[in-house]
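A.B. asks: sequence and predicted structure, then a few things I'm wondering about:
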Amino acid sequence: MTESTGDAARASALLEQLALDLAFVQAGTTPASSIRGLVARIDEACAAAPQAVRHAIAACRRWLAGAEREAPLTADMIRELHAWQPWMVEATLAWERGQDPAPMPDAWAAPTEPAVSFAAAGDGTAHIDVVVLPVGFDDDTVELFCAESQDLLQEMEQGVLTLERSPTDATSIDTVFRVFHSFKGNAGVLKLGVLQRLTHELESVLDTARRGQLRLDREAIDLILAGGDVLRRYVDESVRQLGGVQRGRSIPLPIPAVTARVKTLLRSGGSRPAQTETPALPTEVPPSAPPSSTAVEARPAAVMPAAVPPETEDAPASSRQVSAAPTAHAADSAPQPDHNSPAAAGGPATTGTVRVDTRKLDGLIDLVGELVVAQSLVTQSPAVRSLGNQHLDHCLGQLRSITSDLQRTAMALRMVPIGGVFRRMGRLVRDLSVELGKDIDLRMEGEETELDRSLVELLADPLVHMIRNSADHGIEPPSLRTAAGKPSTGTITLRAYHQGGFVVIRVEDDGRGLAAERILNKAIERGLVQPGESPGRLEILDLIFAPGFSTAEQVTGLSGRGVGMDVVRRGIESIRGKIEVDSVEGRGTTFTLYVPLTLAIIEGLLVGVGDERYVIPTLSVRESFRPLPGAVSTVHGRGELVEVRGRLTPVLRLGRHLGTPTKTSDPTEGIVVVVESGQDVRCLLVDELLGKQEVVIKSLGDMFRSQPAFAGAAILGDGRVGLILDVNTLVKLKSTAGEAA
């Protein structure tokens, strides 16, 4: 699927959501902000759409711009939206098929061709089209700029969130100022004049605060974050285009809007000193320690020499297409190297890091995995063992030790702290707090906990869903919390730690908790639980992960459609993890995630079925035992069951299910392995347990795509291939009488 096809599909999904929302809007009651945010997301998805679609979106923005942020929709607006939505559906469908959309109705055209589009806030402010990739620079230089910029923007965001709590904190002001100063210098090297102008204006806000002439209130914080979002959008689009996605296209950025807000703020706030006297800081800000990154890296002190635009330079706001290249300007001198350092003197450098292309890193990991497999084949070869040569045995022992150390070192290269993802949640909680009108404090513990780089990124989306759920459903409004004897400020805690060979991540809130009775009634209403059934408390709570399940009384911009928690479970299970939920009504809810340290290697329980070998991830194994005579019974319509700790649990004869001949059909001569996925439990009947082993995961080819029972394969120590079982699939199989012996 091409990128434009994916964007068109995303826009179509958003338009369907808009159709549902429009079915419930009422003139004079529904706030315009409820629709404006969704239109902004449609606008973003249609950034590369044909010009007619872009003009239609601009028309919709003009209709919505006529209302204040919390003002209700008028009857005329609703009438226009009801005509606009179906036209947009047809237009995006044509875009997805590579066809030209139908002509836009003449009534939607602006009186004159607009020089700019409307800003996302719908307040009449302007965007400016910016060419993304700078001309005259190789991709390696731009990649370095993007990597450095991502780190700087992450550092800026954390500093700003600190400033929101402590507006006069000199260290944080100093840090954020340095970020924009560094970004401006790096942009100057690539002659990105438009970005230089924006960062220069944002730098002015921080400089005024440093001199004690401006207090960083909510308005100023919002402005700084909005400027950072513009820079992040430019960087993200640069990364996409460097990857070959619509290379060379321009994107609209609300730079004139942000710079205009800066000038207004400085004019109106320049005479408002901070409440706490802040000493003037030196003009040059010493660089602070670099933030953690989601890549293997170590940055030099200065990645690029800084270049500063002149104080009076303004980019033309009315231009339809702005080249990202400024006029000539003075450059700051780059920091001079320390000629007395060991490196400068020709001696060894003390410490340092280097950015490594992740493709090269992944290639190294694959080669190390192949080396480990080859070493196992040699050391366990019957031909080698039969030689009985002590010197050879000693050499093979050294080889085994070296390859094990090499494997651990190579895997450590992939490990990064989870703190990068945790810190991203800080901005999310801040925005949710403002949107919901609640006071929410985010606490983070175990940010230094390390896990595989690829897993860190895959965890971001599930964490977003859980935190949104905690903020919207869990944390009560301040008035209700005070009435219940709680602090008015709610708390969401993110905690990570190692447990065995896995990483445990907990998302806790001190909100209203989950009402088990209400969940059960809703599940019965939806047919998820049959009337008369008596599931346990944890089983009831686990129902919130069912697709489409929601207890919300009304649909909001954040929740109510039953989409979210099922996405969380699918995301966690896709990385061979599991998720559990516990809650105490009135006291809060805790989600616990168990994820492997890496996706490249897993610890598995090796089981034998006939002559075949299978690997069961140990994270999914609860226990194993040999059943006593009569322990396994057959129940009509439910298949075979065995009692496990007072609970009848369905039995799956693994050999019969996979079509593998077994050594015996008598359950008392086999082994029952109890596996779990969420609150679902299943007993797998195998012939024997062969031990635990760390295995390097290999993906399966197209031949096995129709076999959902397998998650991958591994080459075992004896050179044979062992298939890795997908426990989530096996646990959810329906029990039938046909499974009985």
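C.D. replies: Right, received. Where do you want to start? Numbering: from 1, shown residues only.
A.B. asks: tell me where the stretch 151-300 of the chain has helices.
C.D. replies: With DSSP state H, counting those that start in this stretch, the ranges of helices along the stretch 151-300 of the chain come out as 170-189, 193-210, 218-242, 255-269.
A.B. asks: how far out from the middle of the chain is the helix or strand of the chain with the lowest mean pLDDT?
C.D. replies: Every helix and strand in the chain was compared by mean pLDDT, DSSP states H and E; the lowest is strand 128-131, with a mean of 76. Distance of strand 128-131 from its chain centroid, counting by C-alpha atoms, centre = their mean, to the nearest Å, is 28 Å.
A.B. asks: could you do stretch 575-586 as well?
C.D. replies: In terms of C-alpha atoms, centre = their mean, the centre of stretch 575-586 is found 19 Å from the chain centre.
A.B. asks: mind listing what's buried along it?
C.D. replies: Within stretch 575-586, the residues scored as buried using 16 or more other C-beta atoms under 10 Å are 575-583. Any C-beta I mention is one placed from the backbone N, CA and C, and that applies to glycine too.
A.B. asks: out of these, who's nearest C395?
C.D. replies: Distance to C395, by C-beta to C-beta, is smallest for R576 among these, at 36.1 Å.
A.B. asks: what about T449, neighbour count?
C.D. replies: 19 (other C-beta atoms under 10 Å).
A.B. asks: and the nearest residue to it once chain neighbours are set aside, what element?
C.D. replies: The shortest distance from T449 to any non-neighbouring residue, by C-beta to C-beta, 6 or more residues apart in numbering, is to A496 (4.1 Å). A496 is part of strand 490-499, with elements assigned from DSSP states H and E.
A.B. asks: walk me through the domains of this structure.
C.D. replies: Segmentation of the chain into domains, based on automatic domain parsing, reads 3-124, 130-269, 359-415, 418-596, 601-739.
A.B. asks: re earlier: what helices or strands is the least confident helix or strand of the chain leaning on?
C.D. replies: strand 250-253, helix 255-269 (3 or more C-beta pairs under 8 Å, 6 or more residues apart in numbering; DSSP states H and E).
A.B. asks: any idea of the angle the longest one forms with helix 218-242?
C.D. replies: Inter-element angle recorded for helix 255-269 and helix 218-242: 160 degrees (by axes from the mean of the first three to the mean of the last three C-alpha atoms, to 10 degrees).
A.B. asks: so for helix 255-269, what's the average pLDDT?
C.D. replies: The average pLDDT within helix 255-269 is 85.
A.B. asks: could you list the buried residues of that helix?
C.D. replies: So, applying 16+ other C-beta under 10 Å, buried residues of helix 255-269: 255-259, 261-262, 265-266, 269.
A.B. asks: which among those residues gets closest to L73?
C.D. replies: A257 (23.2 Å).
A.B. asks: rewinding a little: closest one of the buried residues of helix 255-269 to R247?
C.D. replies: Checking the buried residues of helix 255-269 against R247 by C-beta to C-beta gives I255 as the nearest, at 21.8 Å.
A.B. asks: now do the SS call for the nearest residue to L38 once chain neighbours are set aside.
C.D. replies: Leaving aside its sequence neighbours, L38 sits nearest to L18 (C-beta to C-beta, 6+ apart; 5.5 Å). Following DSSP: H, G, I helix; E, B strand; the rest coil, L18 is assigned to helix.
A.B. asks: hmm, back to that, okay, the helices of the stretch 151-300 of the chain in JSON lines with distance to E148 next?
C.D. replies: Formatted as JSON lines, the helices of the stretch 151-300 of the chain follow (distance: least, C-beta to C-beta, whole Å):
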{"stretch": "helix 170-189", "distance to E148": "6"}
{"stretch": "helix 193-210", "distance to E148": "13"}
{"stretch": "helix 218-242", "distance to E148": "10"}
{"stretch": "helix 255-269", "distance to E148": "20"}
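A.B. asks: V434: which of those helices is closest?
C.D. replies: Nearest to V434, of all these, is helix 218-242, at 8.2 Å by C-beta to C-beta.
A.B. asks: what's that closest one packed up against?
C.D. replies: In this structure, helix 218-242 makes packing contacts with helix 139-165, helix 193-210, strand 250-253, helix 255-269, judged by 3+ C-beta pairs under 8 Å, 6+ apart.
A.B. asks: okay, buried residues for it please.
C.D. replies: Judged by neighbour count (16+ other C-beta under 10 Å), helix 218-242 contains these buried residues: 220-221, 223-242.
A.B. asks: report the mean confidence score over it.
C.D. replies: Here the average pLDDT along helix 218-242 is 90.
A.B. asks: got the angle between it and helix 193-210?
C.D. replies: 150 degrees.
A.B. asks: now helix 218-242, how far from the chain's geometric center?
C.D. replies: 17 Å.
A.B. asks: for stretch 240-255, same thing?
C.D. replies: 21 Å.
A.B. asks: out of the helices of the stretch 151-300 of the chain, which gets nearest to L361?
C.D. replies: Nearest of the helices of the stretch 151-300 of the chain (C-beta to C-beta): helix 218-242, 17.3 Å.
A.B. asks: what angle separates the closest one from helix 170-189?
C.D. replies: Per the same axes, to 10 degrees, the angle that helix 218-242 makes with helix 170-189 is 40 degrees.
A.B. asks: coming back round to it: isn't the residue nearest to L38 up against Q85?
C.D. replies: Yes. L18 is within contact range of Q85, at 5.5 Å (criterion: C-beta atoms under 8 Å).
A.B. asks: so for those two, which residue has more residues nearby?
C.D. replies: L18 (20 against 17).
A.B. asks: just the pLDDT at the more buried one, thanks.
C.D. replies: The model's pLDDT for L18 equals 87.
A.B. asks: that one and I42, how far apart?
C.D. replies: 7 Å (C-beta to C-beta, to the nearest Å).
A.B. asks: and what of T634?
C.D. replies: To I42, T634 is 56 Å away according to C-beta to C-beta.
A.B. asks: looking at those two, which one has more neighbours?
C.D. replies: Counted by other C-beta under 10 Å, T634 and I42 do not tie: I42 has more neighbours, with 24 against 13.
A.B. asks: excluding its backbone neighbours, what's nearest that one?
C.D. replies: Nearest non-adjacent residue to I42 (C-beta to C-beta, 6+ apart): L14, at 4.8 Å.
A.B. asks: next, the angle from whichever helix or strand the one you found is part of to helix 218-242.
C.D. replies: Following DSSP H and E, one finds L14 within helix 3-22. Per the same axes, to 10 degrees, the angle that helix 3-22 makes with helix 218-242 is 140 degrees.
A.B. asks: which other residues reach helix 3-22?
C.D. replies: 1, 34-35, 38-39, 41-42, 45-49, 78, 81-82, 85, 88-89, 92-93, 95-96, 240, 245-246, 555 (C-beta atoms under 8 Å, 6 or more residues apart in numbering).
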